[in-house]
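In: prediction below, plus the sequence it came from.
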Amino acid sequence: MRRRLTVRRESWPLARPFAISRGVKTEAEVVVAEIRDADTLGRGECVPYPRYGESWEDVVAAISAQAIAVADGLDRETLCREMAPGAARNALDAALWDLEAASTCRSVWQIAGIPKPGPSLTAVTISIGTPEDMGRSAEERAGAPLIKVKLDDRQVIERMTAVRRGAPEARLIIDPNEAWDLDILRGVTPELAELGVEMIEQPLPAHADDGLTAFDSPITLCADEACHTVTDLPGLTGKYGMVNIKLDKTGGLTEAIDLARAAEAAGFKIMVGCMVGTSLAMAPAALLGSFAEFVDLDGPLLLEQDRSEGLRFDNGRVHPPGPGPGLWG
C-alpha cells in the first residue's frame, strides 16, 4: 500500500483577543498534514503567516501538491531540496518525522541525534493593550518565571513600567514585531535595561536593520523576521546577538536543527519560538530546548482549548512530547 497524504484546515478560538503590532487575532488558523502508511500515521501542523505572504489556501495547495511525491516515498532531505522554507514544508517535515518515529518505535530526538529533551522554561505572553490592562495582565502572570511582552511604537516605557510593577520578580523579554525605528530603539533601551528587560526581539523591520551594526545595545537583540534558515546567518552578524528559530520559518525541524547548530557555531544565542497554534505545532519545537537561551512555546496557552493530548505546561515549563503513541514524535 502506498503512503497517503491528507491535508485540512482547522480553526482554534483564542481564550481572548491577542494583539501585536500588526493586528489582533481571535483564532488560530492552522493547517494539518497527515501521512498514513498502512496502519501508521504521521502528523504535522503549521500556521500560515501573512507577513511571509502565506495564506491557508496557498499552504493547503502547496502541501496537497506533494501527494504523489509522498506516495512515492518522499523523504525529509528531498523535501528540503525541492520545497521552499515556510509553513507548508514545516507541516510535511513534521509529519515525516512523526511517521518515522511511529514506524521504528523510536523517538524523534533519537532519530535526529540531538540531546534527549526535558522540560524547558517557556515565556508566557502579554499582548498589546493600555498600560493599565498590561499591568493587570502582568499581575495575573506574576508567578511566571519568564514573561514576553508584545509592543508597538507607542507608550513603550509606560507599558513596560506597568508590566514590571505587576510582575516585579519575572524575567522580561519584549517583541515589537518590527514596529520601531532606530531612533525609538536608541531612546528606549536605557530605561528598558533599568526595568530589567533582557532581550528585544526584532525591533526594526527586517529589511531596514542595517543601522544595528553601529548601535551598541545594552540589551541583547534577537533576529526573528530577519532569520529563517542557515543562509540568513551571515547577514545577521554584527546586528544581533540571538536568533529566534521558528519551525514555520525554517520549513520544519530538519532545517531548524541545522540552523541551531550553525547559529551556535557562529556565536549566536538561540531562542525557540512559535506562531499561535496547538500543541501539535509546538511538539517538534520543544525538542530544541537544549539549544535555547529562551523558549517561547506558549501558543497552546492562548487557546480557548488545546488538543486533548496536548503538551503539559506547569510551573512556567513546557514538557516535551512523551514516548509512545499520542501527540507527536
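Out: Yep, that arrived.
In: hey, where'd the strands end up in the protein?
Out: For the chain, strands defined by DSSP state E occupy the ranges 4-20, 23-37, 40-46, 120-121, 124-126, 146-150, 171-175, 197-201, 220-223, 242-245, 269-272, 294-295, 313-314, 317-318.
In: how about these in CSV, adding distance to residue 113, mean neighbour count and mean pLDDT?
Out: For every residue, glycine as well, the C-beta is placed using N, CA and C. Shown next, in CSV, are these (distance: least, CB to CB, whole Å; neighbours: other CB atoms under 10 Å; pLDDT from 0 to 100):
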stretch, distance to residue 113, mean neighbour count, mean pLDDT
strand 4-20, 27, 15, 95
strand 23-37, 22, 19, 95
strand 40-46, 19, 24, 97
strand 120-121, 19, 19, 96
strand 124-126, 31, 24, 97
strand 146-150, 28, 23, 98
strand 171-175, 30, 22, 98
strand 197-201, 29, 22, 98
strand 220-223, 26, 23, 98
strand 242-245, 17, 25, 98
strand 269-272, 18, 24, 98
strand 294-295, 21, 24, 98
strand 313-314, 27, 14, 94
strand 317-318, 22, 22, 96
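In: would you list the ones you listed in CSV and tack on distance to residue 157?
Out: Converted to CSV, these look like this (distance: least, CB to CB, whole Å):
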stretch, distance to residue 157
strand 4-20, 19
strand 23-37, 23
strand 40-46, 36
strand 120-121, 26
strand 124-126, 15
strand 146-150, 12
strand 171-175, 11
strand 197-201, 11
strand 220-223, 18
strand 242-245, 23
strand 269-272, 23
strand 294-295, 22
strand 313-314, 31
strand 317-318, 30
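In: out of those strands, which gets nearest to residue 88?
Out: Closest to residue 88 of the strands of the chain, according to CB to CB: strand 40-46, at 6.6 Å.
In: wait, residue 195 sits on residue 174?
Out: No. In this structure, residue 195 is not within contact of residue 174 by CB atoms under 8 Å, at 9.7 Å.
In: just give me the neighbour total for residue 152.
Out: Neighbourhood size, residue 152 [other CB atoms under 10 Å]: 17.
In: er, residue 105 actually
Out: 8.
In: quick check: closest non-adjacent residue to residue 2.
Out: In space, residue 2 comes closest to residue 71 once its chain neighbours are excluded; the distance is 4.3 Å by CB to CB, 6 or more residues apart in numbering.
In: returning to what we had before: closest one to residue 288 among the strands of the chain?
Out: Of all those, strand 269-272 sits nearest to residue 288, with 4.7 Å by CB to CB.
In: partners of the closest one, with directions?
Out: If you go by DSSP bridges, strand 269-272 pairs up with strand 242-245 (parallel), strand 294-295 (parallel).
In: of those strands, which is nearest residue 42?
Out: Across those, closest to residue 42 is strand 242-245 (CB to CB), at 21.8 Å.
In: follow-up on the earlier one: could you dump the strands paired with strand 269-272 into CSV and include distance to residue 155?
Out: Listed next are those as CSV, based on distance: least, CB to CB, whole Å:
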stretch, distance to residue 155
strand 242-245, 24
strand 294-295, 24
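In: now do the shared contacts for residue 195 and residue 174.
Out: Contact criterion CB atoms under 8 Å, 6 or more residues apart in numbering; residues shared by residue 195 and residue 174: residue 160.
In: where does the protein dip in pLDDT?
Out: Within the chain, the stretches with pLDDT under 70 are 1, 323-325.
In: the helices in the stretch 51-200 of the chain, which residues?
Out: Assigned by DSSP state H, counting those that start in this stretch, the helices in the stretch 51-200 of the chain fall at 56-64, 67-71, 76-82, 87-104, 108-112, 131-140, 156-166, 182-194.
In: now the second one - C-alpha only, CSV.
Out: So the one you mean is helix 67-71. Extracted C-alpha coordinates of helix 67-71, given in CSV (Å, rounded to 0.1, in the frame of the first residue of the first chain):
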residue,chain,number,x,y,z
ALA,A,67,0.7,13.9,-2.7
ILE,A,68,2.3,11.9,-5.5
ALA,A,69,5.8,12.5,-4.1
VAL,A,70,4.6,11.4,-0.6
ALA,A,71,3.1,8.2,-2.2
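In: thinking again about what came up before, mean neighbour count, the helices of the stretch 51-200 of the chain: which tops it?
Out: Of all the helices of the stretch 51-200 of the chain, helix 87-104 carries the top mean neighbour count, a mean of 25, counting by mean count of other CB atoms under 10 Å.
In: which other helices and strands does that helix contact?
Out: Helix 87-104 is packed against strand 23-37, strand 40-46, helix 56-64, helix 76-82, helix 108-112, helix 247-250, helix 253-265, helix 279-286, with contacts defined by 3 or more CB pairs under 8 Å, 6 or more residues apart in numbering; DSSP states H and E.
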